[in-house]
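Predicted model and sequence below, questions to follow.
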Amino acid sequence: MENVVSSTMGAVGIILGYAMAGFGIGIGILGSKIAEAVGRNPEVKNEIVSSMMMLLIVASIFVLLVFAFCFMLLFFNPFIS
């Protein structure tokens, strides 16, 4: 049983690490493309920023769902009976 718990904690750490790394890389790429788009066409800055905010909200909700899944694995582990 201790082996299952330690393996689960290791997997949760890996899941959270990959989720945060992916989120950070995605935000960096999104920010660079937004800066490029505003630099090319500054008149539509408000529309670009509002669409960027919508994408950030969706990505943040996805990361929160990953956190919820990890906490569910930690506290309500289905592999321990």
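Here it is on my side, so go on. Everything numeric in this text was worked out from a predicted model, so none of it was measured. Residues are numbered from 1 along each chain as shown.

Next secondary structure element downstream of the one helix or strand Gly22 maps to?
Taking DSSP states H and E as the criterion, Gly22 maps to helix 2-40. Once the chain leaves helix 2-40, the next helix or strand it forms, by DSSP H and E, is helix 45-75.

Tell me which other helices or strands that next one touches.
When contacts are defined as 3 or more CB pairs under 8 Å, 6 or more residues apart in numbering; DSSP states H and E, helix 45-75 sits against helix 2-40. Using the backbone N, CA and C atoms, a C-beta is placed for each residue, glycine as well.

and the helix it packs on, which residues are buried?
Thr8, Val12, Ala19, Phe23, Ile34, Ala37 (16 or more other CB atoms under 10 Å).

ok, of the residues you listed, which one's closest to Ile61?
Top of the list for closeness to Ile61, among those and by CB to CB, is Phe23 at 11.4 Å.

Is that closest one in contact with Val63, as I believe?
Yes - using CB atoms under 8 Å, Phe23 is in contact with Val63, at 5.4 Å.
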